[in-house]
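**Q** Return a 3D structure for these sequence lines:
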Amino acid sequence: MGFFDSEIVQQEAKQLFEDYQSLIELGSRYGKFDRDGKKLYIEQMEAMMERYRIFMKRFELSDDFMAQMTMQQLHTQLNQFGITPQQMFDQMNLTLERMKSELEKQT
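**A** Numbers count the residues shown, from 1 in each chain. Predicted structure coming up:
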């Protein structure tokens, strides 16, 4: 069975995408959140990034041709911006750390 033939993989990918889209939409109102709302949003984004990192690691470790092609496409797309997948995750984590730092200054 191929990587993408797995119902578990398909469901996880679908859920990850839907959750990410919801958080991005919610994030457009981040500036209107109270302190607790901002804290909760940051925590949810951190959890999302960890889920995404694990999901991508599964692609990376898979012997499946389509999984390897997906990783190659990701590398190619990110390379157009001059970054690697690791740099993408590092940048996202740095952004979340900055958001937490700003939140701590507001107390």
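
**Q** quick one: average confidence on stretch 49-67?
**A** For stretch 49-67, the mean per-residue pLDDT is 91.

**Q** May I have the residues that are in contact with the most centrally placed residue in the chain?
**A** By Cα atoms, centre = their mean, the chain has its centre lying nearest to residue 49, at 3.7 Å. For residue 49, the residues meeting the contact criterion (Cβ atoms under 8 Å, 6 or more residues apart in numbering) are 89, 92-93, 96. To be clear about C-beta, it is placed using only N, CA and C from the backbone, and glycine gets the same treatment.

**Q** Can you lay out those residues as JSON lines showing distance to residue 20, neighbour count and pLDDT?
**A** Converted to JSON lines, the contacts of residue 49 look like this (distance: Cβ to Cβ, whole Å; neighbours: other Cβ atoms under 10 Å; pLDDT from 0 to 100):
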{"residue": "89", "distance to residue 20": "14", "neighbour count": "16", "pLDDT": "92"}
{"residue": "92", "distance to residue 20": "11", "neighbour count": "16", "pLDDT": "92"}
{"residue": "93", "distance to residue 20": "15", "neighbour count": "15", "pLDDT": "94"}
{"residue": "96", "distance to residue 20": "14", "neighbour count": "16", "pLDDT": "95"}
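
**Q** could you dump those to CSV with secondary structure and distance to residue 72?
**A** What follows is the contacts of residue 49, written out as CSV (DSSP: H, G, I helix; E, B strand; the rest coil; distance: Cβ to Cβ, whole Å):
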residue, secondary structure, distance to residue 72
89, helix, 18
92, helix, 21
93, helix, 24
96, helix, 28
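
**Q** Closest one of the residues you listed to residue 59?
**A** For these, the residue nearest residue 59 by Cβ to Cβ is residue 89; the value is 13.7 Å.

**Q** Skipping adjacent residues, who's closest to the closest one in space?
**A** Nearest non-adjacent residue to residue 89, counting by Cβ to Cβ, 6 or more residues apart in numbering: residue 53, 5.9 Å away.
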